[in-house]
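Visitor: Have a look at this prediction, sequence included:
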Protein chains: 2
Amino acid sequence: MIKIHGVYGSPFVRKVLVLLDLKQVPYELVPQMPFARDENYQKLNPLGKIPTLVDGDLTLGDSKVICRYLESAYPDTPLYPADIKDRGRADWYEDLATGPVAELATGIFFQRFMRPFAFKQEPDEELVSKIIDKQLPPLLDYLEGELPAEGFIFGEFSMADMSIASPFYNADYAGYQVDAGRWPKLAALIERVRQIPQVKTILAKEARTLGLN
Amino acid sequence: MIKIHGVYGSPFVRKVLVLLDLKQVPYELVPQMPFARDENYQKLNPLGKIPTLVDGDLTLGDSKVICRYLESAYPDTPLYPADIKDRGRADWYEDLATGPVAELATGIFFQRFMRPFAFKQEPDEELVSKIIDKQLPPLLDYLEGELPAEGFIFGEFSMADMSIASPFYNADYAGYQVDAGRWPKLAALIERVRQIPQVKTILAKEARTLGLN
């Protein structure tokens, strides 16, 4: 069976688990915290990041790489657009959202959620303000300009929608929501993705893991 | 005609230009420095990074995304393996090499080459030592374990080989070479990729741009 090394609550693990659930592919979630000093895990993934997929003799890091592999290996219930140009755009949005956007959103999550709750430390509010006031807005402006007023980016739900929404569930755990007055399309997309049953299920499991209810 | 916004000397632009030359796809290189405060360019790519591809109404950032799009749009002379698991591995190596490995290698390049030559500043040798002695070795160890003793990773030359080699040409401009005693397979792959005619041609153009000969 496919093994996914990771934990509930990671915006990157979340993407992969939603994809597997939508494709109805069974998997085992192997508990692994990110950046743990765990030599065995670093043999699988030298970055120490999560998720890592192990499928027989194949080991892959990076949620984008894993999602693309699973899309090719399990093409039923496609989760990327078929048109070549649309697929390029989906890949670009996923790269942008899973990279720089997620880095900022998880920065808010780490400071305001993980530090107080897991490490009993104060958040660095100066850093959080810099993210919220300076660093995120140009990226949110760009995404807003790319998104549809209704529905999903390519009509059917795709990993582009999931990738854009996912980091903001972590920011939300830390009390930050995308301002629906300033970025209405983005804020609406995040809520639309949240209503997908497989997303709801994963978010409910996360809430239990993170002690949120 | 396809437009690539970027400059010679970027390890990311280099990947895309080599791919286009190998596929014999004509393109125009539109001069663009990375991270320039250029509002028009930031409309194309909110990260200000290079390269950005413009192909008619399609605009894509990120060299990995661009290379994948061009592979789909111009499937002759394939530059990614066809087998699904091999393709997953190729994507993973490209992600690792174009991301964390390139970040470190271009760190050496920026400090020891760009700062003295372009900005008349001293390099931060403490930072460079940290990269060379602490941060790069675990990644080089990992790559060494994944590489073949001879030839290319998937038999035929692929963007996985190109992605792994590319950042080290920049480190080389700054006087850093991968230690062939410690990482013989990696050092050999970098030289093997350098001998590909299309790579040689691009590196020669770069050398002129960077004033190296």
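Guide: Yep, it's here. Numbering: from 1, shown residues only, chains lettered A, B, ... in the order given.
Visitor: phi, psi of residue A:156?
Guide: Reported as degrees, to the nearest 10, the phi and psi values for residue A:156 are phi -70, psi 150.
Visitor: what does residue A:70 give?
Guide: Per-residue torsions, residue A:70: phi -70, psi -30 (degrees, to the nearest 10).
Visitor: State the mean pLDDT of stretch A:205-213.
Guide: What stretch A:205-213 shows for mean pLDDT is 87.
Visitor: quick one: the strands in chain A?
Guide: Using DSSP state E, the strands of chain A run over A:2-6, A:27-31, A:52-55, A:58-61.
Visitor: Quick check: neighbours of the second one in the sheet, parallel or antiparallel?
Guide: If you go by DSSP bridges, strand A:27-31 pairs up with strand A:2-6 (parallel).
Visitor: contacting residues around the partner strand?
Guide: Applying CB atoms under 8 Å, 6 or more residues apart in numbering or on different chains, the external contacts of strand A:2-6 come out as A:12-13, A:16-17, A:20, A:25-30, A:32, A:34, A:41, A:44-45, A:50-55, A:66. C-beta here means a position set from N, CA and C on the backbone, and glycine is covered the same way.
Visitor: Please repeat the previous calculation with a cut-off of 6 Å.
Guide: Residues outside strand A:2-6 that contact it (CB atoms under 6 Å, 6 or more residues apart in numbering or on different chains) are A:13, A:16, A:27-30, A:32, A:50-55.
Visitor: In CSV: the strands of chain A, plus mean neighbour count.
Guide: Converted to CSV, those look like this (neighbours: other CB atoms under 10 Å in any protein chain shown):
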stretch, mean neighbour count
strand A:2-6, 21
strand A:27-31, 14
strand A:52-55, 22
strand A:58-61, 20
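Visitor: can I get the ones you listed in TSV with distance to residue B:118?
Guide: Formatted as TSV, the strands of chain A follow (distance: least, CB to CB, whole Å):
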stretch	distance to residue B:118
strand A:2-6	41
strand A:27-31	47
strand A:52-55	39
strand A:58-61	34
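Visitor: returning to what we had before: okay if I get the contacts of strand A:2-6 as a markdown table plus pLDDT and distance to residue A:189?
Guide: Shown next, in a markdown table, are the contacts of strand A:2-6 (pLDDT from 0 to 100; distance: CB to CB, whole Å):
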| residue | pLDDT | distance to residue A:189 |
| --- | --- | --- |
| A:13 | 98 | 21 |
| A:16 | 98 | 20 |
| A:27 | 98 | 26 |
| A:28 | 98 | 31 |
| A:29 | 97 | 26 |
| A:30 | 97 | 31 |
| A:32 | 95 | 30 |
| A:50 | 97 | 25 |
| A:51 | 98 | 23 |
| A:52 | 98 | 28 |
| A:53 | 98 | 26 |
| A:54 | 98 | 32 |
| A:55 | 98 | 31 |
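Visitor: What residues does chain A have near chain B?
Guide: Applying CB under 6 Å from any CB of the partner chain, one finds that chain A approaches chain B through A:46, A:58, A:60-62, A:65, A:69, A:72-73, A:84-85, A:88, A:91-92, A:95, A:138-139, A:142.
Visitor: and if we set it to 8 Å?
Guide: Residues of chain A found near chain B (CB under 8 Å from any CB of the partner chain) are A:42, A:46-47, A:55, A:58, A:60-62, A:64-66, A:68-69, A:72-73, A:84-85, A:87-89, A:91-92, A:95-96, A:100, A:138-139, A:141-142.
Visitor: per-residue confidence at residue A:39?
Guide: Looking at residue A:39, the pLDDT reads 88.
Visitor: hang on, I meant residue A:181
Guide: 98.
Visitor: Give me the helix or strand of chain A that scores worst on average pLDDT.
Guide: Lowest on mean pLDDT, DSSP states H and E among the helices and strands of chain A sits helix A:115-119, with a mean of 87.
Visitor: If any of the residues of chain A next to chain B are buried, put those into a ChimeraX selection.
Guide: The following ChimeraX line selects those of the residues of chain A next to chain B that are buried, judged by 16 or more other CB atoms under 10 Å in any protein chain shown:
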select /A:46,47,55,58,60,61,62,64,65,66,68,69,73,85,87,88,89,91,92,95,96,100,139,142
